[in-house]
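Undergrad: 3D, please:
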Amino acid sequence: MDERTRRALALRDGMHSAELEGGRVTDAFRRDAQEYVDGSIDLQGLLDRLNQRYAMHSSL
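TA: Okay, here's the model as predicted:
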């Protein structure tokens, strides 16, 4: 499995899990996630965007 496929599957599973738990996956997150899948940003870049948008704190 290539890196792009691995990233896409991991994000798909995570978003599905969040939705099953009653969460909402925003369009902004989906756009950021697609950039991560495409390799335009790395995992730290994705986490930085999440932190900025949702005031989360990451330990990665």
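Undergrad: I figured residue 35 was touching residue 41, is that so?
TA: Yes. At 4.9 Å, residue 35 counts as touching residue 41 under the criterion of C-beta atoms under 8 Å. Where you see a C-beta, it was placed from the backbone N, CA and C, and this is true even at glycine.
Undergrad: quick one: the helices in this protein?
TA: 3-20, 27-38, 43-54 (DSSP state H).
Undergrad: Check the ones you listed for me: which has the lowest mean pLDDT.
TA: Per-stretch mean pLDDT for those is lowest at helix 43-54 (a mean of 93).
Undergrad: what angle do that helix and helix 3-20 make?
TA: Interaxial angle of helix 43-54 relative to helix 3-20 (axes from the mean of the first three to the mean of the last three C-alpha atoms, to 10 degrees): 30 degrees.
Undergrad: Now do helix 43-54: distance to the chain's middle.
TA: Here helix 43-54 is found 9 Å from its chain centre; the criterion is C-alpha atoms, centre = their mean, to the nearest Å.
Undergrad: And for stretch 27-41?
TA: Offset of stretch 27-41 from its chain centre (C-alpha atoms, centre = their mean): 7 Å.
Undergrad: residue contacts, the residue sitting nearest the centre point of the chain?
TA: Nearest residue to the geometric centre of the chain (C-alpha atoms, centre = their mean): residue 33, 4.1 Å. Residue 33 makes contact with 11, 15, 46 under the criterion C-beta atoms under 8 Å, 6 or more residues apart in numbering.
Undergrad: if we go to 6 Å?
TA: Shown in contact with residue 33 (C-beta atoms under 6 Å, 6 or more residues apart in numbering): residue 11.
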